[in-house]
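Build the 3D model from these lines:
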Amino acid sequence: MRNIKLYTIVCFLVFGLTNGQTLSVEAVLTAIKENNPQLKMYDAEIQSMDANAKGAKSWSAPQVSTGFFMTPYNTKMWKATDMSTGMGAYMIGVTQMIPNASRLKADSDYMYAMSSVETENKNFTINELNALAKTNYYEWIVLDKKLKITKDNLRLLDYMIKSIEVRFKYNKDKLSTYYKAKSQYSAQQSLIVTMQNDLIQKKVMLNTLMARDKNSSFEIDTTYSVKNFDMMPMDNSALSESRSDVKAIDRTMELNQMKIAIEKSKLLPEFGVKYDHMVPFGDRSQQFSLMGMVTIPMPWSTKGNKAAINSIQIKNESLEWQKQMILNDAAGAINGMQQELVNLKKQFEIAEKSIIPAIKRNYDTSVLSWQNNTGELFEVLDAWEALNMAQIDKLDKLQNIFKTQIAIEKQLEIE
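Got it, this is the predicted structure:
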């Protein structure tokens, strides 16, 4: 019996800890980086490119030829006679082209560098997923706070409704005011249902990003801190170092330079060796042929390579302008969002330190007056509604602060 009780307690603790799992935003981002299928796809693609690059310096396969060499159609002439030693031979030949060392090196450099672009594309995707995860995470924090405020306000309304029902018996409150309170109570209930559904959607989205069971239960850390990006100077060199999409353009331009090196290597001669062994018919001795070969690039054979080089150079020029466009747009967007963040922080501080305390005092005063029969209930409801709207508005400002902060972090690729 004692063992059964102990087993029950252990199971309760284990399942309780599992269901009460709390994930910080850092833990969520780490889980996304480790488990998200889209990132796994990039990893496999990068490994595939690196594996393919191992064969970059391979030579072309040798060519083997076989057949008759200088053999007459008259088979009687193949054999040796008193007048002839025989004619014709059976030949086996091997030809091997020897690629230019410069072309092998250019091909190898290009293939080993191909995965660098995909690596930066992966980092860009990580940044996109991180921004999406943080958006849902911080919206969850704000929704949780709104839900607590709404539930508190619902309890206040419930208290007022019950008080009205008691006071109505003594004709101390109006029926219209009672129905107004009841309608607001129902509206708050509906709002709670909506918020709870939104919380479920946030949880499903985060589980999806972490590649977990969509119904996995967990909680979030509702503590938060607002980062300071107040008018931090932005320059193109700093953005170039932080943004993976810009780095991807740089890697692409480097790959294009390697393509140019490959095309230039094709303008160099390449050599080959051809060996033929002949087994003659009749009484003649065996013979061989050993020849060297060289490809000589001529003006009419290099037009395509030169055109490709020119095309790649123009493409790099286009990529450079694209890079400057991204940096210019990002710097402008960040500066604008920095100013917006400063203003949002000021608005939030005013709401928290001035507006809400004043409205709260007005609400407390109206409740006290109503309880002492010197005020009307509609004044209490108006004060309550103003307080509720001010509290929700403050949280909306907090949500906008998070939204702007995440947008800046996305531009700077900060986790």
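
Then His277 would be within a strand, right?
Yes. Applying DSSP: H, G, I helix; E, B strand; the rest coil, one finds His277 inside a strand.

can you pull the pLDDT of it?
At His277, the model reports a pLDDT of 95.

Please report the distance of it from Gly88.
Per Cβ to Cβ, to the nearest Å, His277 is found 15 Å from Gly88. C-beta: built from backbone N, CA, C; applies to glycine.

out of those two, which sits in the more crowded spot?
Neighbour totals were compared for His277 and Gly88, and Gly88 leads with 21 against 17 (other Cβ atoms under 10 Å).

Could I get the contacting residues of that one?
68-72, 77-78, 280-281 (Cβ atoms under 8 Å, 6 or more residues apart in numbering).

which of those residues sit farthest apart?
Phe69 and Met77 (14.2 Å; Cβ to Cβ).

Of the two, give the one with the bigger neighbour count.
The residue with more neighbours, out of Phe69 and Met77, is Phe69; 18 against 15, by other Cβ under 10 Å.

Now for the more buried one: which residues touch it?
Phe69 neighbours (Cβ under 8 Å, 6+ apart): 88-91, 276, 278.

Quick one: the strands in the stretch 151-300 of the chain, in order.
With DSSP state E, counting those that start in this stretch as the criterion, the stretch 151-300 of the chain has strands at 219-220, 271-280, 287-294.

quick one: secondary structure of Val64?
What three-state DSSP gives for Val64 is strand.

just checking, it touches Val94?
Yes. Look at Val64 against Val94 with Cβ atoms under 8 Å: they come within range, at 5.6 Å.

Between these two, point out the one with more neighbours.
A side-by-side neighbour count of Val64 and Val94, using other Cβ under 10 Å, places Val94 first with 14 against 10.

Make sure Ala330 is actually in contact with Ser242.
No. Using Cβ under 8 Å, Ala330 is not in contact with Ser242, being 9.5 Å away.

Compare these two (neighbour count), which wins?
Counting neighbours by other Cβ under 10 Å for Ala330 and for Ser242 shows that Ala330 has the greater number, 21 against 14.

which helices and strands sit right next to the strand or helix carrying that one?
Element membership of Ala330, judged by DSSP states H and E, is helix 303-350. Secondary-structure packing of helix 303-350 (3 or more Cβ pairs under 8 Å, 6 or more residues apart in numbering; DSSP states H and E): helix 236-242, helix 244-265, helix 377-412.

what helices or strands is the last one leaning on?
Packed against helix 377-412, as judged by 3+ Cβ pairs under 8 Å, 6+ apart, are the following elements: helix 101-168, helix 175-209, helix 303-350, helix 356-371.

cool, the shortest one as well?
Applying 3+ Cβ pairs under 8 Å, 6+ apart, one finds that helix 236-242 contacts helix 244-265, helix 303-350.

Backbone dihedrals for the most far-flung residue of the chain relative to its centre, please?
The outermost residue of the chain relative to its centre, with distances by Cα atoms, centre = their mean, is Asp82 at 86.4 Å. Backbone torsions of Asp82, given as degrees, to the nearest 10, read phi -70, psi -30.

The one 3 residues further on too?
Dihedral angles phi and psi of Thr85 (degrees, to the nearest 10) take the values phi -90, psi 0.

ok, now the one 10 residues further on?
The main-chain torsion angles of Thr95 are listed as degrees, to the nearest 10 and equal phi -120, psi 130.

okay, and for the stretch 51-200 of the chain, where does confidence drop off?
167-174 (pLDDT under 70).

which residues sit in contact with the residue sitting nearest the centre point of the chain?
What sits nearest the mean C-alpha location of the chain, by Cα atoms, centre = their mean, is Thr125, with 1.7 Å. Going by Cβ under 8 Å, 6+ apart, Thr125 touches 38-39, 42.

now Thr177
164, 376-378, 381.

can you rerun that using 7 Å?
Listed by Cβ atoms under 7 Å, 6 or more residues apart in numbering, the contact partners of Thr177 are 164, 377-378, 381.

Would you quantify the distance from Glu415 to Asp396?
For Glu415, the distance to Asp396 - Cβ to Cβ - is 26 Å.

wait, which of the strands of the stretch 151-300 of the chain is closest to Met111?
Nearest to Met111, of the strands of the stretch 151-300 of the chain and by Cβ to Cβ, is strand 271-280 at 22.9 Å.

Flag every buried residue along that closest one.
272, 274, 276-278, 280 (16 or more other Cβ atoms under 10 Å).

Same check on stretch 330-342?
Judged by neighbour count (16+ other Cβ under 10 Å), stretch 330-342 contains these buried residues: 330-331, 334, 337-338, 340-341.

do stretch 289-306 as well
Asn305.
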